[in-house]
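**Q** what follows is a predicted protein model with its sequence.
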Amino acid sequence: MFKSIRSILYFSFIIVGISLFLVIILGARQYQLSNRYSETTMLSERALFAFATIREQATEFLIAQDYHLLKEVIPDIEKLNNTVSRLYESDVIPAQYKLAMADKVDLAGLVIALRKLDSAPDKPAAAVELQQQLRQIAGSLMKVDRIITSQISDAVVNFQLSVIGALGVLISGASFILIALYRKAVKPLLDLSDQALVEGVEKSGFYCPAEAGSEIIRFVNSANEIMARLPEQIQSGSAAGSHESEILSTTINESTNGLNGIINYAQLLLESDGAGQFDEEQLQMLEHIVENGERIARQWQNASQTFSG
């Protein structure tokens, strides 16, 4: 799938970017779910507590047969009705449960029953019926609370499974990238390092496996080509140097021979019978020619020995 190390690195950057983006999205989603579930749970608990208080107060009035005082709990029931309405607006509770619970949690019917009880002809029977109605509403609210708890638990589990699945896919992708990077880059480089320690590698060249990255393959091929051309370059360089040394040596010898001729002519003039015809200044000039010529000849001789050695 991957032919070059560059493509592996690009793909790894994409995986890391997707991972960071997914972590941010999942974190934001978790924050939203936590707030929504906390609000729904708080409303359910508030409704249960409020109704428990109303039921306890209404039961005390029924036991004391203070039926005219039952109307005092009606404002609390109206507040409870607002809480239950907000609770039913939550999307945590499935729609079918909302319809079923709306008939059983009949707070409006409870208010009507409380208003009629004081003027009912058979107050004990109406009180018993009211107790049953309170018990039914309490059971329905308890069932709603259990449904909410169950739905929240299922939603949390499903969300966690989604997170685990997404992280599993990302980890699998990252593992695949690491394996590909090891095969394409790390292992070939380790093999090349071991080959560099072997004697004679400059003659045989480096070996690179076919599954290595294209960049490493190009590098190894270039290195092998350079090592293959190196002996020819050294040989041609040696031949050129030998030819130049030969030319220089020939030039030095010819120059030395010519210089020796000049020195010999000057010595002959000094030692000839006609030397008495030269004045002192001319004789000094001849002596300088001989001395400087001999000094230059010695320098040329040293240079010739250096290049020939």
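**A** Looks like it arrived, so ask away.
**Q** for residue 209, helix, strand, or coil?
**A** Under DSSP: H, G, I helix; E, B strand; the rest coil, residue 209 falls in the coil class.
**Q** let's number from 46 now, not from 1
**A** I'll keep to 46 as the first residue from here, and by that count the last item is residue 254.
**Q** if I pick the closest residue to residue 307 other than its chain neighbours, what's in contact with it?
**A** Of all residues not flanking residue 307 in the chain, residue 338 sits nearest, at 5.6 Å (C-beta to C-beta, 6 or more residues apart in numbering). In this view, the C-beta of every residue, glycine as well, is placed from N, C-alpha and C. With contact taken as C-beta atoms under 8 Å, 6 or more residues apart in numbering, residue 338 is in contact with 304-305, 307-308, 311.
**Q** let's see it at 7 Å
**A** Residue 338 makes contacts with 304, 307-308, as judged by C-beta atoms under 7 Å, 6 or more residues apart in numbering.
**Q** residue 199 and residue 137, how far apart?
**A** 10 Å (C-beta to C-beta, to the nearest Å).
**Q** which of the two has more neighbours?
**A** A direct count of neighbours by other C-beta atoms under 10 Å for residue 199 and residue 137 places residue 137 higher, at 20 against 11.
**Q** helix, strand, or coil at the more buried one?
**A** coil.
**Q** and it, how close does it get to residue 73?
**A** For residue 137, the distance to residue 73 - C-beta to C-beta - is 19 Å.
**Q** just residue 221 next, same as before
**A** Per C-beta to C-beta, residue 221 is found 28 Å from residue 73.
**Q** what about the two, which has more around it?
**A** residue 221 (14 against 10).
**Q** pLDDT at the more buried one, what is it?
**A** Note on residue 221: pLDDT of 79.
**Q** burial measure for residue 344, as a count.
**A** Counted with other C-beta under 10 Å, residue 344 comes out at 11.
**Q** same thing with residue 60?
**A** A count of nearby residues for residue 60, using other C-beta under 10 Å, gives 16.
**Q** looking at the contacts of residue 338, which are in helices?
**A** Among the contacts of residue 338, the ones falling in helices (DSSP state H) are 304, 307-308.
**Q** what subset of these is buried?
**A** Neighbour counting with 16 or more other C-beta atoms under 10 Å marks 304, 308 as buried within these.
**Q** the helices in the chain, which residues?
**A** 50-108, 119-133, 140-149, 152-162, 168-226, 232-241, 246-249, 259-316, 325-353.
**Q** these: lowest mean pLDDT?
**A** Among those, helix 246-249 scores lowest, at a mean of 64.
**Q** how much space between the nearest residue to residue 346 once chain neighbours are set aside and residue 294?
**A** Among residues not flanking residue 346 along the chain, residue 301 sits closest, at 6.7 Å (C-beta to C-beta, 6+ apart). For residue 301, the distance to residue 294 (C-beta to C-beta) stands at 11 Å.
**Q** who's more crowded, those two?
**A** Legend: neighbour count by other C-beta under 10 Å for residue 301 and residue 294, higher for residue 301 (18 against 15).
**Q** I'd assumed residue 344 was in contact with the more buried one.
**A** No - with contact defined as C-beta atoms under 7 Å, residue 301 does not reach residue 344; the gap is 9.8 Å.
**Q** what's the domain layout of this protein?
**A** Domains of the chain are assigned by automatic domain parsing as 50-232, 279-353.
**Q** deepest of these, which one?
**A** Most buried of the domains of the chain, by mean neighbour count (mean count of other C-beta atoms under 10 Å): domain 50-232, with a mean of 15.
**Q** quick one: distance of it to the chain centre.
**A** Here the centre of domain 50-232 is set off from its chain's centre by 39 Å, with C-alpha atoms, centre = their mean, to the nearest Å.
**Q** excluding chain neighbours, what is closest to residue 262?
**A** residue 253 (5.4 Å).
**Q** and for the one you found, the neighbour number?
**A** 21.
**Q** so who does it touch?
**A** Here residue 253 is in contact with 233, 261-262, 265 (C-beta under 7 Å, 6+ apart).
**Q** double-check residue 113 against residue 163; I have them as touching.
**A** Yes - with contact defined as C-beta under 7 Å, residue 113 reaches residue 163; the gap is 5.1 Å.
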